[in-house]
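Participant: using only what follows, build the 3D model:
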Amino acid sequence: MPDFKILIVDDDDNICQLLKLYLIKEGFSTIICHNGNDAAKYVKETHLDIVLLDIMMPDMDGLETLSKIREFSDIPVILVSAKGEPMDKIGGLDIGADDYVTKPFEPQELISRIKAILRRIGQSKTEEKADVTIGNLHISIGNYIVKVDDKKVEMPPKEMELLYYLATHPMKVFTREQLLGEVWGPDYKGDSRTVDVHIKRIREKLGIGTNWKLETVWRVGYKFEVIK
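Facilitator: Have a look, this model is predicted:
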């Protein structure tokens, strides 16, 4: 396994040390910090592959920290929280988290989610994927760039991957479960509403297409519709 480096962010050092033991056992390198300001600094100044970010921290909580990180980085972030209500998860995903794990959790489940994200990153770096241009929308998944009317649209990797998958299968209807499997991977254990959250954010960022739109198919899922 390549030497992936993971940042663990939690104000409880006992939890940090426990996670560190499991991650090192799996072959990962780790860095520990206990507050949001230090986490943002590490992300900006250190090569990292993924962040495990606790939500319930003093001063600057995990959601505020994530918002700060998203101002300058698209690094994958898994939120870890004792708050497991659906709206808590949706709120975290809406800010830009890639996954959400509820305490208490099985360490192996967290490891599986980390590996699933890292596999997707590796695939995106090695697979040659053609650019897509439809009307005023241009997607270069190889460079992780989306443009509308030749203006770059800031978009986290997972939103871009979902958009690219739909745009490369125009007019085909996908269920939420199918999109989770294709974009997030077969090992992903999250809620299907994750797809709804990402579609909502994509629509807000892209606006109205010249001859395309992300269409909701009632009681089924979504499709990328090309209007001729």
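Participant: identify the residue nearest the residue positioned nearest the centre of the chain in space, chain neighbours excluded?
Facilitator: Centroid check for the chain by CA atoms, centre = their mean gives D98 as the closest residue, at 2.5 Å. Distance criterion CB to CB, 6 or more residues apart in numbering; nearest residue to D98, sequence neighbours excluded, is P76 at 4.5 Å. For the C-beta atoms, the positions are set from N, CA and C on the backbone; glycine is no exception.
Participant: surely that neighbour touches P157?
Facilitator: Yes. Counting by CB atoms under 8 Å, P76 touches P157, with 7.3 Å between them.
Participant: the more surrounded of these two?
Facilitator: P76 (21 against 18; other CB atoms under 10 Å).
Participant: ok, now which ones touch that one?
Facilitator: The contact partners of P76, by CB atoms under 8 Å, 6 or more residues apart in numbering, come to D49, I50, V51, D98, D99, I117, I121, P157.
Participant: how confident is the prediction for it, by pLDDT?
Facilitator: Looking at P76, its pLDDT stands at 91.
Participant: any idea how far it is from R120?
Facilitator: According to CB to CB, to the nearest Å, P76 and R120 sit 9 Å apart.
Participant: what helix or strand is R203 on?
Facilitator: helix 193-206 (DSSP states H and E).
Participant: got the buried residues for the next helix or strand after that helix?
Facilitator: As assigned by DSSP H and E, the chain's next helix or strand after helix 193-206 is strand 212-217. By neighbour count on 16 or more other CB atoms under 10 Å, the buried set for strand 212-217 is W212, K213, L214.
Participant: name the nearest of the residues you listed relative to L137.
Facilitator: Distance to L137 across these (CB to CB) is lowest for W212, with 6.2 Å.
Participant: need the contact list for that closest one.
Facilitator: With CB under 8 Å, 6+ apart, W212 has these contacts: I134, G135, L137, A167, P170, F224, E225, V226, I227.
Participant: for the third one, give its distance to D131.
Facilitator: Read that as L137. According to CB to CB, L137 stands 11 Å off from D131.
Participant: re the thing from before, among the contacts of P76, which are in strands?
Facilitator: Counting by DSSP state E, the contacts of P76 place I50, V51, D99 in strands.
Participant: save the contacts of P76 as CSV, and put in distance to K25 and pLDDT too.
Facilitator: Shown next, in CSV, are those (distance: CB to CB, whole Å; pLDDT from 0 to 100):
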residue, distance to K25, pLDDT
D49, 17, 90
I50, 16, 94
V51, 19, 96
D98, 23, 87
D99, 21, 88
I117, 18, 85
I121, 21, 69
P157, 27, 84
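Participant: tell me the buried residues within these.
Facilitator: Listed as buried from those are D49, I50, V51, D98, D99, I117, I121, P157; burial here means 16+ other CB under 10 Å.
Participant: distance to Y188 added to those, as JSON lines?
Facilitator: Formatted as JSON lines, the buried ones among the contacts of P76 follow (distance: CB to CB, whole Å):
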{"residue": "D49", "distance to Y188": "18"}
{"residue": "I50", "distance to Y188": "14"}
{"residue": "V51", "distance to Y188": "18"}
{"residue": "D98", "distance to Y188": "10"}
{"residue": "D99", "distance to Y188": "8"}
{"residue": "I117", "distance to Y188": "9"}
{"residue": "I121", "distance to Y188": "14"}
{"residue": "P157", "distance to Y188": "14"}
